[in-house]
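**Q** The amino acid sequence is not available; the structure is as follows:
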């Protein structure tokens, strides 16, 4: 499929109410001696498909569009509702928020195949059904773009929890992003780690000029507060040096994480090659499959 290279932008990591850019790391960063750390990659197992007890679990999930009624400009989103969601049940679901890159809109992850990857996991019995939300950040180059982090926390997540059958505890909520979206996910990692049980940073644009600020934020996260954390990038990513600097900081301050350096660059082709692996990692964080039973479906 055709793909476009994303431009890199600064992401703001100074707190949810401030949008000050972080400057580029300099050679003056000297980390303290790092503790012993082991980063392991998650293998992608091959599973024999099983459809589970409900026939609707063999059907694909649905991707729908929506918008928040009280934001200006209107905050748009797409949402993946898993198989069986529309059955008359009281079932509630874990929820994953996936943030797109600069110059793209809320369909980027859909085009990359995230809903299909989720369907495959659910159909194979390798994951419990879960919801995916794709918020729109189309105003990245306009003033509203600087406030996207605030809208995500204060508008989008509460709206989704109020209007869809989500599980609202921390361990049932995950956040991931690629490129600029990965930068916003890093912003949440360092400022609102209380909200997310797992966070994925895929080729993130996380800093522009000031490594000292980022180092201070990483050091300030309580050791027991870190979410489950994934970081990956391609070996030809133009921002690889900054991503590796961030990985060094995570290791230095004892943040448990997975670090994956893959072959590739900063394009849709790279993310599409790994989207199934990403989705499996998020699903594993939600726990072992717990598929709804026939008794959960109400009689029409």
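**A** Noted; the coordinates are in hand. Given the structure is predicted, the values throughout are model-derived calculations rather than measurements.
**Q** Pull the distance from the longest helix along the chain to the chain's centre.
**A** With DSSP state H setting the assignment, residue counts place helix 268-285 as the longest helix in the chain. Mean C-alpha position of helix 268-285 versus that of the full chain (Cα atoms, centre = their mean, to the nearest Å) differs by 10 Å.
**Q** got it, and stretch 246-265?
**A** What separates the centre of stretch 246-265 from the centre of its chain is 16 Å, taken as Cα atoms, centre = their mean.
**Q** Also stretch 190-210?
**A** In terms of Cα atoms, centre = their mean, the gap separating the centre of stretch 190-210 from the centre of its chain is 9 Å.
**Q** Same check on stretch 236-253?
**A** With Cα atoms, centre = their mean, you get 18 Å for stretch 236-253.
**Q** buried sites along it?
**A** Judged by neighbour count (16 or more other Cβ atoms under 10 Å), stretch 236-253 contains these buried residues: 237, 239-240, 242-253. C-beta: built from backbone N, CA, C; applies to glycine.
**Q** what do you get for stretch 99-118?
**A** Using 16+ other Cβ under 10 Å, the residues of stretch 99-118 that count as buried are 99-104, 106, 108-110, 112-118.
**Q** So which of these sit within helices?
**A** The helices in this structure, assigned by DSSP H, contain 108-110, 112, 114-118 from these.
**Q** from those, which is closest to residue 190?
**A** Taking Cβ to Cβ as the measure, residue 109 is the one of these closest to residue 190, at 22.6 Å.
**Q** Distance check, residue 257 against residue 236.
**A** Distance check for residue 257 against residue 236: by Cβ to Cβ, to the nearest Å, it reads 22 Å.
**Q** try residue 66
**A** In this structure, residue 66 and residue 236 are separated by 36 Å, where distance is defined by Cβ to Cβ.
**Q** can you check residue 173 too?
**A** Distance check for residue 173 against residue 236: by Cβ to Cβ, it reads 33 Å.
**Q** Pull up the per-residue confidence for residue 161.
**A** Looking at residue 161, its pLDDT is 98.
**Q** Let me know the helix or strand that the closest residue to it other than its chain neighbours is in.
**A** Setting aside the residues directly before and after it, residue 161 is nearest to residue 168 in space (Cβ to Cβ, 6 or more residues apart in numbering), at 5.2 Å. Of the helices and strands defined by DSSP states H and E, none includes residue 168.
**Q** i'd like the first residue to be 25 from this point on
**A** With 25 as the first residue, the last one maps to residue 192.
**Q** For the chain, which segments are assigned as strands?
**A** Remark: strands assigned in the chain by DSSP state E are 47-48, 86-91, 100-105, 119-123, 155-159, 197-202, 222-226, 233-234, 252-258, 282-286.
**Q** The third one pairs with which strands, and in what direction?
**A** Sheet pairing here is set by DSSP bridges, and for strand 100-105 it gives strand 86-91 (antiparallel), strand 155-159 (antiparallel).
**Q** returning to what we had before: quick check, nearest of the ones in helices among the buried residues of stretch 123-142 to residue 203?
**A** Distance ranking of those against residue 203, using Cβ to Cβ, places residue 132 first at 9.3 Å.
**Q** if I look at residue 224, how far off is residue 111?
**A** The spacing between residue 224 and residue 111, counted by Cβ to Cβ, is 29 Å.
**Q** Comparing those two, which residue is more hemmed in?
**A** Applying other Cβ atoms under 10 Å to residue 224 and residue 111 shows that residue 224 carries more neighbours, namely 29 against 14.
**Q** which ones are touching the nearest residue to the more buried one once chain neighbours are set aside?
**A** Excluding its sequence neighbours, the residue lying closest to residue 224 (Cβ to Cβ, 6+ apart) is residue 200, at 3.5 Å. Residue 200 makes contact with 120-123, 206, 209, 223-226, 254, 302, 306 under the criterion Cβ atoms under 8 Å, 6 or more residues apart in numbering.
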